[in-house]
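Colleague: Predicted structure and sequence below. I'll ask about it afterward.
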Amino acid sequence: MTQQTPAINSTPAPLWRILAAMAYDSILVIAIWMVVTFIILSFFGVENARTLDGEAVVLDPIYKNITFTAMIVSAWAFYGWFWTHSGQTLGMQAWRIRVVSKQGQPVTVAQSVVRFGTAMVSWLLLGIGYWMMLFNSEKETLHDKISNTKLVSVPLMEKK
């Protein structure tokens, strides 16, 4: 039995499926962040995480900045690798969504960097970049527009 690659079409993915895929992927990204933080803490030593009054945790500023940067880079590495190799993260596979360039080609590394960065900004601004897809004719998010990509629905594979 040969496995077929789902056909790429131009039907925009609906917002509810995009958000569902994001929820699925966020669980995976949080797990990656836990591993990254463990590695950094192991490298710098537990003594850099100290407690204040037994309640609040106060971290060394260098440790905090390195951890934050590593978390951003590891999240981009997760999304960037999947987007540039198959066009689908695990959440996108589950919800039958694929990211492609507007010409229907695979996403480039540069597009993945732009897409990831603008998607973070969109999310931090209360999701405004996502909600705009409900109000434009191409059904594009802000990061789709800026990165020259689009999210399309992947049809179910037909059994033979």
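Modeller: Received the coordinates, thanks. All values reported here derive from a predicted model rather than from experimental measurement. Residues are numbered from 1 along each chain as shown.
Colleague: can we go C-alpha only for contacts and neighbour counts from here?
Modeller: Will do.
Colleague: residue boundaries of the strands in the protein?
Modeller: For the chain, the strands defined by DSSP state E occupy 49-52, 56-59, 97-101, 149-153.
Colleague: The first one - what's its average pLDDT?
Modeller: Pointing back at strand 49-52 there. The predicted model gives strand 49-52 an average pLDDT of 63.
Colleague: residue ranges with poor pLDDT in the chain?
Modeller: Residue ranges of the chain with pLDDT under 70: 1-9, 48-58, 158-160.
Colleague: Could you give the number of residues near residue 24?
Modeller: By the criterion of other C-alpha atoms under 10 Å, residue 24 has 16 neighbours.
Colleague: thought it was touching residue 91?
Modeller: Yes: judged on C-alpha atoms under 8 Å, residue 24 makes contact with residue 91 at a distance of 5.1 Å.
Colleague: Give me the neighbour count for the residue lying closest to residue 99 once chain neighbours are set aside.
Modeller: The shortest distance from residue 99 to any non-neighbouring residue, by C-alpha to C-alpha, 6 or more residues apart in numbering, is to residue 151 (4.5 Å). Per other C-alpha under 10 Å, the neighbour tally for residue 151 reads 25.
Colleague: what's near enough to touch the residue positioned nearest the centre of the chain?
Modeller: Centre of the chain computed as the mean C-alpha position; nearest residue by C-alpha atoms, centre = their mean is residue 79, 4.5 Å away. Contacts for residue 79 were tallied using C-alpha atoms under 8 Å, 6 or more residues apart in numbering; they are 89, 112, 116.
Colleague: and if we set it to 7 Å?
Modeller: residue 89 (C-alpha atoms under 7 Å, 6 or more residues apart in numbering).
Colleague: Could you check how far it is from residue 150?
Modeller: 15 Å (C-alpha to C-alpha, to the nearest Å).
Colleague: Please apply the same query to residue 156.
Modeller: 19 Å.
Colleague: One more: residue 98?
Modeller: Residue 98 sits 8 Å away from residue 150, going by C-alpha to C-alpha.
Colleague: do the same with residue 112
Modeller: Residue 112 is 12 Å from residue 150, by C-alpha to C-alpha.
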